[in-house]
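J.: would you be able to build a 3D model of this:
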Amino acid sequence: MRTAIIVVAWLWFLVALHAFTEVAVNLLLGLGLFLSAPILTVSWLSYSFMKPEVFSEGRWRWSWLSAPVAWYLPIVLLVTGWGFETRFALSEPYLREFAETVKNGRDETRDGEPRRVGLFRVIAARKGKNEGEVIILTSRGSFDRCGLAYRPDQPPDSSWSQDHLRGPWYLFAEGGS
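T.: Numbering: from 1, shown residues only. Modelled structure (predicted):
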């Protein structure tokens, strides 16, 4: 039973880490992860009270104590924004190169042809409405499509939802899945 709890905790960690460091969290996936964390917590606490020796057994102690870290670390990364910031920082050179390629008309990714750019899965990329603007869609939310906007030449306008990240990068969301 304890092995199952540890394995499920780390599988939850992998799914949550990916979901919670994306531009937007899918509503159903986020809800499933949100509801399953308390179930994991109760399972872990119940087993800990029924078998307190799990804390004193040398080979199990650290793996057992790692389970709560596995399901709460992604939540901390989501709430603080550190997960997305780290993912973006590690991917920025690749995203910039990709955006420049799209901007110069050498590559556009259309819906249905996803590709990996840095640590992001790009589902579509296209030139924006403004000169030099590139829209990189990385996720489909429940009600909109989200991603990054590369705007090296202009400040943002108010025609779409956006938040400035840094430099020429903005978060992007457009209605309609």
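J.: pull the contacting residues for the residue nearest to residue 65 when sequence neighbours are not counted.
T.: Nearest residue to residue 65, sequence neighbours excluded (C-beta to C-beta, 6 or more residues apart in numbering): residue 55, at 7.7 Å. (C-beta placed from N, C-alpha, C; glycine too.) By C-beta atoms under 8 Å, 6 or more residues apart in numbering, residue 55 lies in contact with 48, 61, 64-65.
J.: determine which two of those are furthest apart.
T.: Farthest-apart pair in the contacts of residue 55 is 48 and 61; separation 11.5 Å (C-beta to C-beta).
J.: picking up where we left off before, so which of the contacts of residue 55 is the most crowded?
T.: residue 64 (21 neighbours; other C-beta atoms under 10 Å).
J.: pLDDT value on that one, please?
T.: As predicted, residue 64 sits at a pLDDT of 83.
J.: now the helix or strand harbouring residue 11: buried residues?
T.: Secondary structure from DSSP states H and E places residue 11 in helix 2-20. Buried residues in helix 2-20, counted by 16 or more other C-beta atoms under 10 Å: 2, 5-6, 8-9, 12-13, 16-17, 19-20.
J.: do stretch 84-100 as well
T.: 84, 87-88, 91-92, 95-96, 98-99.
J.: save these as a markdown table, and put in distance to residue 106, secondary structure and pLDDT too.
T.: Formatted as a markdown table, these follow (distance: C-beta to C-beta, whole Å; DSSP: H, G, I helix; E, B strand; the rest coil; pLDDT from 0 to 100):
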| residue | distance to residue 106 | secondary structure | pLDDT |
| --- | --- | --- | --- |
| 84 | 28 | helix | 90 |
| 87 | 25 | helix | 91 |
| 88 | 23 | helix | 92 |
| 91 | 20 | helix | 93 |
| 92 | 20 | helix | 94 |
| 95 | 15 | helix | 93 |
| 96 | 14 | helix | 93 |
| 98 | 10 | helix | 92 |
| 99 | 11 | helix | 91 |
